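Visitor: next input, structure requested:
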Amino acid sequence: MKEEKNKTNRKLTPLTFKEKISFFLFPFGYGSDLFPIKDINDSELERFKKYGFDKKIEDAIVAKKLGIIFYLLIPLILLLSTS
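Guide: Sure thing, here's the model as predicted:
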């Protein structure tokens with residue numbers, strides 16, 4: 001009974017603001033094929049998958065996508081503002 005409640009709770013728990021910030025500010029991985037390195041975001045995503053945090057996985061993917069868009073827009077804005 002309590003385990004079922006915990007499972008349901010894990011599936012519905014969203015990311016906290018602190019967790020979202022790390023996915024937003026560091027959306028890119030630092031590893032390469034030559035030197036594979038796991039960054040903290042990859043480790044967190046694996047942990048979310050392992051323990052069934054479905055909502056956190058969705059939120060993390062959205063935060064990473066928004067972070068990538070943010071970093072792609074910065075040079076575009078700078079380019080347009082200086083010309």
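Visitor: burial measure for residue 9, as a count.
Guide: 10 (other CB atoms under 10 Å). From N, CA and C alone the C-beta is placed, and that goes for glycine too.
Visitor: try residue 25
Guide: Neighbour count for residue 25, taken as other CB under 10 Å: 12.
Visitor: the residue nearest to it when sequence neighbours are not counted and residue 46, how far apart?
Guide: Leaving aside its sequence neighbours, residue 25 sits nearest to residue 67 (CB to CB, 6 or more residues apart in numbering; 6.4 Å). Computed as CB to CB, to the nearest Å, the residue 67 to residue 46 distance reads 19 Å.
Visitor: and residue 27, by the same measure?
Guide: Taking CB to CB as the measure, residue 27 falls 16 Å from residue 46.
Visitor: neighbour count winner among those two?
Guide: More neighbours surround residue 27 than the other of residue 27 and residue 46, with 19 against 11 (other CB under 10 Å).
Visitor: touching, that one and residue 69? I think so.
Guide: No - judged on CB atoms under 8 Å, residue 27 makes no contact with residue 69 at a distance of 9.0 Å.
Visitor: show me which residues of the lengthiest helix in the chain are buried.
Guide: Once the chain is assigned using DSSP state H, the helix that runs over the most residues is helix 54-82. Residues of helix 54-82 classed as buried: 56-57, 59-60, 63-64, 67 (neighbour count, 16 or more other CB atoms under 10 Å).
Visitor: what is that helix packed up against?
Guide: The criterion is 3 or more CB pairs under 8 Å, 6 or more residues apart in numbering; DSSP states H and E, and the helices and strands that helix 54-82 contacts are helix 2-12, helix 17-25, helix 40-51.
Visitor: which of those helices sits closest to residue 80?
Guide: helix 17-25 (22.8 Å; CB to CB).
Visitor: hang on, the earlier thing: closest to residue 75 out of the helices and strands packed on helix 54-82?
Guide: Of all the helices and strands packed on helix 54-82, helix 17-25 comes closest under CB to CB, at 16.6 Å.
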